[in-house]
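Peer 1: Take this sequence and fold it.
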Amino acid sequence: MSAGRAGRSAAACRAGSIAALAALLLGGCSTPGGAPTPAAPPPASSRPSPSRVHSAAQGQVLRVDLPRSSFGRYGRYSIYLPPGYDQHPGRRYPVVYLLHGATERDRFFLELGVREAMDRLLSDGAIGAMILVMPDGGPFFRGEGVSARSFVDFFASELVPAVDRRWRTAPDRTARAVGGISLGGLRALEIAAAHPDQFVAAGGHSAALSRASARTLAPSLAQGDVRVWLDVGERDGLVAGGQALADALTRRGDDVALQLGPGGHERPYWTAHLAEYLRFYSDSVDARARAR
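Peer 2: Down below sits the predicted model:
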């Protein structure tokens, strides 16, 4: 765990304005050139149908549709399968869910370089083998579905069971974590707070937290004994929210780390910290011990 554990070493920061927060959510995570092109409608089959979008000598990446998702055309996901997945049919793996930022899609973490980071860290023995699931939550995680369900409910009651059925996950709380960037970071913390029986850890990377949302989330995260990682760039207008949640969790005795570092609300910052994120998740789900 980092030297910034429990948030005690973080400097006090001024709160960003509401306008700055809105600007970061709407523009801070978007790919140059505007909003992403919507995904194609899913096939009519009720069975998830993976289609290979990238394969390497190490991990492989597939894209999977959820045809009858309550999130409609959203809800599909990209998945990273670690090296040896096909060669060891009896083995089960811990799983980490990674949520994109506002206006992004399921390929966001792949564009940041998460596949390469996983391959490198696995080769170095720095982490254990894990499955990564990267859902498409739509531009603002509101979906375009057949029902008015929230993303948090969809995630816990539809997506996680579908992943556990389709892939060889270790389907229990101690082998499952969730994290995300910006708006995805806030959603990840909300999911873990609402379903602490399903997630052992949560990561909020430049999470779109306010002081109010921090006060709301802290009791459930602490009571649920969820391990929490928070980080944010020093030039990011979201520093105050991350600090507020770290302080609230520390007062409740929860296992929380807060890291402040150079950078802003931008892709280079997140790419530079991918290895730290993956080590946190690997340690949280005890991935290296499970590989023995």
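
Peer 1: For stretch 215-229, list every residue counted as buried.
Peer 2: 216, 217, 218, 220, 221, 222, 224, 226, 227, 228, 229 (16 or more other CB atoms under 10 Å). C-beta: built from backbone N, CA, C; applies to glycine.

Peer 1: wait, stretch 169-177
Peer 2: Under 16+ other CB under 10 Å, the buried positions of stretch 169-177 are 169, 170, 171, 173, 175, 176, 177.

Peer 1: would you turn the buried residues of stretch 215-229 into a markdown table with secondary structure?
Peer 2: Shown next, in a markdown table, are those (DSSP: H, G, I helix; E, B strand; the rest coil):
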| residue | secondary structure |
| --- | --- |
| 216 | helix |
| 217 | helix |
| 218 | helix |
| 220 | helix |
| 221 | helix |
| 222 | helix |
| 224 | coil |
| 226 | coil |
| 227 | strand |
| 228 | strand |
| 229 | strand |
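
Peer 1: which one among those residues gets closest to residue 115?
Peer 2: Of all the buried residues of stretch 215-229, residue 229 has the smallest distance to residue 115: 20.6 Å, by CB to CB.

Peer 1: Contact partners for the closest one?
Peer 2: 179, 201, 202, 203, 204, 205, 256, 257, 259, 277, 280 (CB atoms under 8 Å, 6 or more residues apart in numbering).

Peer 1: Give me the pLDDT for the spatially closest residue to the third one that is not a sequence neighbour.
Peer 2: In this case it means residue 202. Nearest residue to residue 202, sequence neighbours excluded (CB to CB, 6 or more residues apart in numbering): residue 192, at 3.6 Å. Residue 192 carries a pLDDT value of 98.

Peer 1: go on, residue 70?
Peer 2: On the pLDDT scale, residue 70 gets 80.

Peer 1: My read is that it contacts residue 138, right?
Peer 2: No. Using CB atoms under 8 Å, residue 70 makes no contact with residue 138, being 12.0 Å away.

Peer 1: who's more crowded, those two?
Peer 2: residue 138 (23 against 20; other CB atoms under 10 Å).

Peer 1: Count the neighbours of the residue nearest to the more buried one when sequence neighbours are not counted for me.
Peer 2: Spatially, and ignoring its direct neighbours in sequence, residue 138 is nearest to residue 74 (4.0 Å; CB to CB, 6+ apart). Residues contacting residue 74 under the criterion other CB under 10 Å number 26.

Peer 1: Am I right that residue 74 falls within a helix?
Peer 2: No. Residue 74 sits outside any helix when classified using three-state DSSP, being coil.

Peer 1: isn't it right next to residue 149, touching?
Peer 2: No. Applying CB under 8 Å, one finds residue 74 not in contact with residue 149, separated by 11.7 Å.

Peer 1: Would you map the strands across this structure?
Peer 2: 50-55, 60-64, 77-81, 95-99, 131-135, 176-181, 201-205, 227-233, 256-261 (DSSP state E).

Peer 1: coming back round to it: please enumerate the shared neighbours of residue 74 and residue 149.
Peer 2: Among the neighbours of residue 74, those also in contact with residue 149 (CB under 8 Å, 6+ apart) are residue 143.

Peer 1: Any idea how many residues pack against residue 268?
Peer 2: Counted with other CB under 10 Å, residue 268 comes out at 11.

Peer 1: gap between it and residue 114?
Peer 2: According to CB to CB, to the nearest Å, residue 268 and residue 114 sit 15 Å apart.

Peer 1: about what we covered before: closest one of the buried residues of stretch 169-177 to residue 100?
Peer 2: residue 177 (16.2 Å).

Peer 1: Tell me who's in contact with the closest residue to the closest one other than its chain neighbours.
Peer 2: Spatial nearest neighbour of residue 177, chain neighbours left out: residue 201 (4.1 Å); criterion: CB to CB, 6+ apart. Residue 201 makes contact with 177, 178, 179, 192, 226, 227, 228, 229, 280, 281, 284, 285, according to CB under 8 Å, 6+ apart.
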